[in-house]
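[1] sequence unavailable; structure follows:
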RNA sequence: CGGAAUGUAGCACAGCUUGGUAGUGCACUAGCUUCGGGAGUUAGGGGUCGUGGGUUCAAAUCCCAUCAUUCCGACCA
């Protein structure tokens, strides 16, 4: 492409409404432009990158035996009512009325519709397995879009669905797509971790996430420094260590004004690990008090799973008043009027500090035998330094962006959508489903987060909108432009279209633009063009290499393989 | 949805406190000089100051409302 006659622009300054590096660079490079909160235009360069990512995904999905189709975005609400998910999605689903006053929604994910499509083919066990996928725009009305393309309200997702006779079949189909995902993210050069995760609103038996590792990530990845344990914080566990102290006698002590666990620990000169704190929560309208070690956080996912609750919030004063709990000094000794749930870990602690249910007092040297509770379970988050549940090594954290997710769904959707097949005995059986997603724009953003420097983006060669940039220093010089033109023609003939900067701009501007938009290779045609010499440099190089025109062309060809 | 901030030319911003002719840099047009790392200079073009209302002789500036965007939280496959 010749820049002089093309739609091409860059911005010299960062936009004022974009915080993330990937968002800033993609906007400055003219890849994307925000049209409203969480909704972006993909401009010519951006579309090329998107297409390159899609090409890799298509190739690997086809290799895994999946067939592409295309679903509508606009769907009658009824599908999601049938599956019971209309309420789960709630206001994060875009909804509108058609002219007959029928409620339509913009699809946030398509398990229901794929089950319907699969039903057109699947009648007998002989029709299985089936594997289908699509690249399609999804809509989710996020409460808070942010980080450029990372959390948006409209985005292109590759979503795939598998249909099998039984769990063994599902395992096999899941394995194929799982391997395809590894191939995809390897080929895209994403630095990623695969972690175990919560199944969330999807439901089902198993969820694993492909997480691009970057500090901007919104998910916390729990990793072991000794084995390959990898898990999303929301479902991570750890081994408990028994406190070896002798049990002492519980004693009431005055702790005036110490209503936070840090105050208490400081006042008593103790580590917060020797304390147990109370969290007064509202679980579906009922007061539930949780006790966990003082330095830990409550894990909402685990709590909802344990209690079977739907919604978790902090309890208000009115709700707290239904029990004898004293806010700031709540303890599990003689607590009544509410449900009391104790973290599993507390059972392994000795001589800890807890609230005394009395303003200004705590108990010290409390032990499990001193307290009463209704339920025990794993309800807290792991922290760095905890013991790995697999190998006994130590746990550390990284941050990740969820770029892919795989689910073993089981029969939840097939039953809801009436997707059954007849087995060899002639009886009806629900089809066993799996679902698999990759966020394409999000992957693009994650790549930029992982591959940039102070000058701009550094695309992997196979993802870059153009693999090579061709800069002619003085476009008005007939010798230089003739050499550049020749290189342009030859590379095009070889199937490698260069980004040819033939603008009447100063050299510095051209170099800066090539670096900002992240073109992986650059050929510069300058003073020595008359001697058949040009300069070659990779985006990651710090210096030019002088070579002949032929050498430069061959180098580009080799690096494009 | 709670808390905070911002909205002025294509982009980034100043002006607002203390009301009185709409400003700067980049970008754009024309000229001259320059020409291998975001040039210099001269002359220009481009504005419903987010929107609606109010106060005032007079509002970008003060007041009220509203919309949009961003940040912190809540939420989130």
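    Nice, I can see it. Here the structure is a predicted model, which means the values were calculated and not measured. Numbers count the residues shown, from 1 in each chain, chains lettered A, B, ... in the order given.
[2] helix or strand for the nearest residue to residue A:74 once chain neighbours are set aside, which one?
    Distances taken as CB to CB, 6 or more residues apart in numbering place residue A:104 nearest to residue A:74, at 5.5 Å, with adjacent residues excluded. Placement of C-beta: from N, CA and C, glycine included. Take DSSP states H and E as the rule and residue A:104 turns out to sit in strand A:103-106.
[3] the helix or strand just after that strand near RNA strand B at all?
    Using DSSP H and E, the helix or strand that follows strand A:103-106 in sequence is helix A:111-121. No: no part of helix A:111-121 sits near RNA strand B under the criterion CB under 7 Å from any atom of the strand; the closest distance found is 10.5 Å.
[4] quick one: buried residues of helix A:111-121?
    Within helix A:111-121, the residues that count as buried by 16 or more other CB atoms under 10 Å are A:111, A:112, A:113, A:114, A:115, A:116, A:117, A:118, A:119.
[5] for the stretch 301-450 of chain A, what lies in contact range of RNA strand B?
    When proximity is defined by CB under 7 Å from any atom of the strand, the stretch 301-450 of chain A lies next to RNA strand B at A:312, A:313, A:402, A:405, A:407, A:437, A:439.
[6] wait, the first one touches residue A:304, no?
    Yes: the pair residue A:312 and residue A:304 qualifies as a contact (CB atoms under 8 Å) at a distance of 6.0 Å.
[7] mutual contacts of the two, please.
    With contacts defined as CB atoms under 8 Å, 6 or more residues apart in numbering, the residues shared by residue A:312 and residue A:304 are residue A:283.
[8] for the spatially closest residue to residue A:473 that is not a sequence neighbour, the count of nearby residues, please.
    The spatial neighbour of residue A:473 that comes closest, neighbours along the chain excluded (CB to CB, 6+ apart), is residue A:526 at 4.0 Å. Applying the criterion other CB atoms under 10 Å, we find 18 residues in the vicinity of residue A:526.
[9] show the pLDDT at residue A:526.
    Predicted confidence (pLDDT) at residue A:526: the value is 95.
[10] and what of residue A:298?
    pLDDT, the model's per-residue confidence, is 89 for residue A:298.
[11] that one bridge partners, please.
    For residue A:298, the residues forming beta bridges with it (DSSP bridges) are residue A:380.
[12] how many residues are close by it?
    Neighbour tally, residue A:298, other CB under 10 Å: 16.
[13] doesn't residue A:341 make contact with it?
    No: Residue A:298 is beyond contact range of residue A:341, at 10.0 Å (criterion: CB under 8 Å).
[14] now the common contact residues for the two.
    When contacts are counted by CB under 8 Å, 6+ apart, residue A:298 and residue A:341 have A:290, A:379 as shared neighbours.
[15] name the element the residue nearest to residue A:111 when sequence neighbours are not counted belongs to?
    Residue nearest to residue A:111 in three dimensions, not counting chain neighbours: residue A:413, with 4.7 Å by CB to CB, 6+ apart. Remark: residue A:413 resides in helix A:412-416, with elements defined by DSSP H and E.
[16] pLDDT on that helix, on average?
    Per-residue pLDDT values over helix A:412-416 give a mean of 93.
[17] so which elements touch it?
    helix A:78-83, helix A:111-121, strand A:432-439 (3 or more CB pairs under 8 Å, 6 or more residues apart in numbering; DSSP states H and E).
[18] adjacent strands (with direction) for the last one?
    So that's strand A:432-439. When sheet partners are counted by DSSP bridges, strand A:432-439 sits next to strand A:154-164 (antiparallel), strand A:395-410 (antiparallel).
[19] just want the angle from the helix or strand following the first one to strand A:432-439.
    The reference is to strand A:154-164. Past strand A:154-164, further along toward the C-terminus, the next helix or strand under DSSP H and E is helix A:167-187. Helix A:167-187 and strand A:432-439 meet at an angle of 10 degrees, taking axes from the mean of the first three to the mean of the last three CA atoms, to 10 degrees as the criterion.
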